[in-house]
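Student: Got a sequence here, can you model it:
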Amino acid sequence: MLEQRAKIAAHARASRQGAITGRVVGFDSRPVTGACVTAVGRAGSVTAAAAPDGTFRLADLAAGSYALEYRDCSAAGRNLTSASGYLTTWSGGTSTQISAARVQVTAGQIRHVPVMMLRPANPAAAIAAGQASFRRELAANGRTVSTATAAKTGKISGKGTGKGKRLSGVCVEVSPASGNGVGFGAVTGRRGTYTVQHITPGRYYVIFAGLDCGSRANWLQQVYRNDNRPFADFDGSGTVVRVRAGHKITGINANLR
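Tutor: Numbers count the residues shown, from 1 in each chain. Take a look at the predicted model:
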């Protein structure tokens with residue numbers, strides 16, 4: 001009897017409460033693991049930490065209006081000279097609570113908010129770190145591996161064009177769709193073609209002319225397939241490419257703008 005009453009009481013509480021879900025990423029589209037997200041409202045505040053893929057869930061919220069604070073509460077985040085540190089941001093992309101966009105929570109409902117991209121505290125250091133990461137991906141793409149090792153990985157190939165011409169020197173990054181794990185990279189050759197090899201089997205976004213490239217060419221970042229929206233590689237709108245061991249996927253092309 002007591003157990004049944006407890007279940008009924010818990011269900012009653014849940015029906016009077018709501019939740020907010022979302023995702024936190026850095027400027028390089030990678031998740032900010034452990035970022036603190038706080039919903040601030042009249043009834044008080046609730047804080048949750050972002051999971052390894054950057055997602056979060058603020059539960060047990062009373063119905064009402066909330067401002068969301070996104071904070072890099074990791075040790076690195078507290079160091080404003082760190083390449084991985086991020087500035088505190090409020091919902092709507094503002095820097096103060098008073099100007100934050102309000103999120104309305106309804107009893108018994110789950111409210112999903114747009115992806116929040118945090119601004120780096122040290123942009124120059126963050127860009128340099130991203131470019132260094134891409135250079136490591138290029139080096140890994142050019143290494144020689146054994147036949148047995150190669151058989152456990154896959155390849156992606158295609159070409160990059162812009163204004164009707166094949167483009168050389170365009171950076172191509174193969175990034176895990178989950179937001180976690182190792183990326184892979186290549187640069188288009190003289191005929192505009194590329195091949196990214198040694199890719200661990202899985203689901204990926206293919207990003208052309210990304211922020212980590214360091215190229216001076218004036219092309220917009222594009223996520224396969226022809227998606228120039230800035231959030232396409234982490235809001236689920238990009239086209240996922242599935243890589244299988246021992247297979248080469250061709251025709252993953254870009255038409256840059």
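Student: what's in contact with stretch 178-189?
Tutor: Stretch 178-189 has contacts (C-beta atoms under 8 Å, 6 or more residues apart in numbering) with 25, 29-31, 52-54, 133-134, 137-138, 140-141, 159-160, 166-176, 194-200, 202-204, 234. C-betas here are computed from N, CA, C, even on glycine.
Student: are any of those buried, and which?
Tutor: 25, 29-31, 53-54, 133-134, 137-138, 140-141, 159-160, 167, 170-176, 194, 196-199, 202, 204, 234 (16 or more other C-beta atoms under 10 Å).
Student: secondary structure class for residue 48?
Tutor: strand (DSSP: H, G, I helix; E, B strand; the rest coil).
Student: who are the neighbours of the longest helix along the chain, in terms of helices and strands?
Tutor: What stands out as the longest helix in the chain, according to DSSP state H, is helix 123-141. Counting contacts by 3 or more C-beta pairs under 8 Å, 6 or more residues apart in numbering; DSSP states H and E, helix 123-141 is packed against strand 171-176, strand 184-187, strand 193-199.
Student: can you list the weak-confidence ranges in the stretch 151-257 of the chain?
Tutor: 214, 216, 230-236 (pLDDT under 70).
Student: switch the cut-off to 90
Tutor: Counting by pLDDT under 90, the stretch 151-257 of the chain contains low-confidence ranges at 176-182, 209-218, 221, 226-238.
Student: so where do the strands sit in it?
Tutor: 154-162, 165-166, 171-176, 184-187, 193-199, 202-208, 222-223, 241-243, 248-249, 254-256 (DSSP state E, counting those that start in this stretch).
Student: Turn the ones you listed into JSON lines, including distance to residue 105.
Tutor: Compiled in JSON lines, the strands of the stretch 151-257 of the chain are given as follows (distance: least, C-beta to C-beta, whole Å):
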{"stretch": "strand 154-162", "distance to residue 105": "42"}
{"stretch": "strand 165-166", "distance to residue 105": "51"}
{"stretch": "strand 171-176", "distance to residue 105": "32"}
{"stretch": "strand 184-187", "distance to residue 105": "40"}
{"stretch": "strand 193-199", "distance to residue 105": "41"}
{"stretch": "strand 202-208", "distance to residue 105": "31"}
{"stretch": "strand 222-223", "distance to residue 105": "32"}
{"stretch": "strand 241-243", "distance to residue 105": "36"}
{"stretch": "strand 248-249", "distance to residue 105": "43"}
{"stretch": "strand 254-256", "distance to residue 105": "40"}
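Student: and residue 93, which of those strands is closest to it?
Tutor: strand 222-223 (21.0 Å; C-beta to C-beta).
Student: chain center to the closest one: distance?
Tutor: In terms of C-alpha atoms, centre = their mean, to the nearest Å, the gap separating the centre of strand 222-223 from the centre of its chain is 13 Å.
Student: and if you look at stretch 42-56?
Tutor: That offset, for stretch 42-56, works out to 17 Å (C-alpha atoms, centre = their mean).
Student: Next, the buried residues of it.
Tutor: Buried-residue list, stretch 42-56, by 16+ other C-beta under 10 Å: 46, 48, 50, 51, 53, 54, 56.
Student: and the next element down the chain from the longest helix of the chain?
Tutor: The helix or strand immediately downstream of helix 123-141 is helix 147-150, counting by DSSP states H and E.
Student: what's the angle between the longest helix of the chain and strand 171-176?
Tutor: 90 degrees (axes from the mean of the first three to the mean of the last three C-alpha atoms, to 10 degrees).
Student: got the angle for helix 123-141 vs strand 154-162?
Tutor: Per the same axes, to 10 degrees, the angle that helix 123-141 makes with strand 154-162 is 120 degrees.
Student: Average pLDDT for helix 123-141, rounded please.
Tutor: Averaged across helix 123-141, the pLDDT comes to 86.
Student: that older thread, got the helices and strands packed on helix 123-141 as CSV, with distance to residue 249 columns?
Tutor: Putting the helices and strands packed on helix 123-141 into CSV (distance: least, C-beta to C-beta, whole Å) gives the following:
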stretch, distance to residue 249
strand 171-176, 10
strand 184-187, 12
strand 193-199, 9
